[in-house]
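Novice: Predicted model and sequence follow; I will ask about them next.
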Amino acid sequence: MNILAIESSCDETAVAVVKDGRTVLSDAIASQADMHALYGGVVPEIASRKHIEAIAGLADQALRQAGVTRSDIDAVAVTYAPGLIGALLVGVNFAKSVAYGLDVPIIPVHHVRGHIAANYIAHPDLEPPFVCLCVSGGNTMIVDVKGYTDMEILGATRDDAAGECFDKVARVLGIGYPGGAPMDRLAQGGDDKRYELPRAHVADAPLDMSFSGLKTAVLNLAHNTAQKGEQLDMKGLAASFAAAVSDTLVPRTMEAAKICGYGKIAVAGGVAANSRIRSDLEAACRKTGDKLYLPPLSLCGDNGAMIGCQGYYEYLAGRRGGMDLNAYATRDIKKG
């Protein structure tokens, strides 16, 4: 089964062709990062307009790279939630037009479910159930993946997503947008105990998280240092910040894995590329014996392949969208 998969939830336009869920025939991506870097973050209206400009050409490119024609497509999968509503609508409306023109089903896919599915592409042996840490610029949650389409949130951020926090801190430090990769590079060789930064705990919700206080602490530290005319240890701050984020994410993920007892942990989303988080999870899993599934860096960010993969399992579960399919800025992963 060949699925044409479309992703446009934020600032990457992506179209892929995926065969039988786990074989990626093509994955064409157009990033807008350089444009949004001028503003220090994603500008939703610009993102939507750029998706409109890129999406049709990317679809043709994905078909060519896959070596298939339009008549070889059996279904169209599309991210419909969560994300920037204008950006999502571009992908959803394009997907509906393609599905209508080809007379094939349309499969709505939850964006975070797609990120989880990236691990199925990277690890052919991975099957539910497992616990997944989903951490990106827009979402941070620990998910009980009971089945391919049966999921439940065990814990989540109460405010900012971890990826957003990385981006905002990078902006304060003046090292550019998106902030994840440059922050990771800056932290290499830095003293992770150079600055004492907060690790928040949510009362009566041990698996929930909060990152707003951490972001504010870094902002105040940078401003106070500048006001005093002192020099900020950039590498030390980046390392201390990465340690604080990891210390928030990793213990909660391990506790969730202990509660569920599956013996398998996966990580998904853009922040899954962070070297500190990856190494801390590897160390923790060596101690507990849990098997850790890390996606390759190429599948951590937004892409169409992950949507095609999850779309296949949604299709097998009987999920279909009609011509009245809408986009949603927020959507519970349990509802799909």
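Specialist: Structure's in. What do you need?
Novice: Excluding chain neighbours, what is closest to residue 48?
Specialist: residue 86 (3.7 Å; C-beta to C-beta, 6 or more residues apart in numbering). Just so you know, the C-beta spots here come from the backbone N, C-alpha and C atoms, and that holds for glycine as well.
Novice: helices and strands around the helix or strand that neighbour falls within, which ones?
Specialist: For residue 86, the enclosing helix or strand under DSSP states H and E is helix 85-102. Identification of packing neighbours for helix 85-102 by 3 or more C-beta pairs under 8 Å, 6 or more residues apart in numbering; DSSP states H and E yields strand 2-7, helix 44-66, strand 75-81, strand 106-110.
Novice: I'd like these as CSV, with distance to residue 117 appended.
Specialist: Below are the helices and strands packed on helix 85-102 laid out as CSV (distance: least, C-beta to C-beta, whole Å):
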stretch, distance to residue 117
strand 2-7, 10
helix 44-66, 17
strand 75-81, 10
strand 106-110, 8
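Novice: Which stretch among those is buried most, on average?
Specialist: Neighbour counts (mean count of other C-beta atoms under 10 Å) averaged over each of the helices and strands packed on helix 85-102 peak at strand 2-7, with a mean of 29.
Novice: What residues does the residue nearest to residue 48 make contact with?
Specialist: Listed by C-beta atoms under 8 Å, 6 or more residues apart in numbering, the contact set of residue 86 reads 44, 45, 47, 48.
Novice: switch to 10 Å and redo it
Specialist: Residue 86 sits next to 8, 44, 45, 46, 47, 48, 49, 51, 52, 327, 329 when contact means C-beta atoms under 10 Å, 6 or more residues apart in numbering.
Novice: roughly how far apart are it and residue 115?
Specialist: 21 Å (C-beta to C-beta, to the nearest Å).
Novice: so can I have a markdown table of the helices and strands packed on helix 85-102 showing mean pLDDT?
Specialist: Output for those, formatted as a markdown table (pLDDT from 0 to 100):
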| stretch | mean pLDDT |
| --- | --- |
| strand 2-7 | 98 |
| helix 44-66 | 97 |
| strand 75-81 | 98 |
| strand 106-110 | 98 |
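Novice: so which of those gets nearest residue 220?
Specialist: helix 44-66 (28.3 Å; C-beta to C-beta).
Novice: Now do that closest one against strand 75-81: the angle between them, please.
Specialist: 160 degrees (axes from the mean of the first three to the mean of the last three C-alpha atoms, to 10 degrees).
Novice: Apart from its neighbours in sequence, what residue is nearest residue 273?
Specialist: residue 300 is the one closest to residue 273 (C-beta to C-beta, 6+ apart), at 4.2 Å.
Novice: Thought residue 136 was touching that neighbour, still the case?
Specialist: Yes - using C-beta atoms under 10 Å, residue 300 is in contact with residue 136, at 8.5 Å.
Novice: Next, show the common contact partners of these two.
Specialist: 115, 180, 268, 269, 270, 271, 272.
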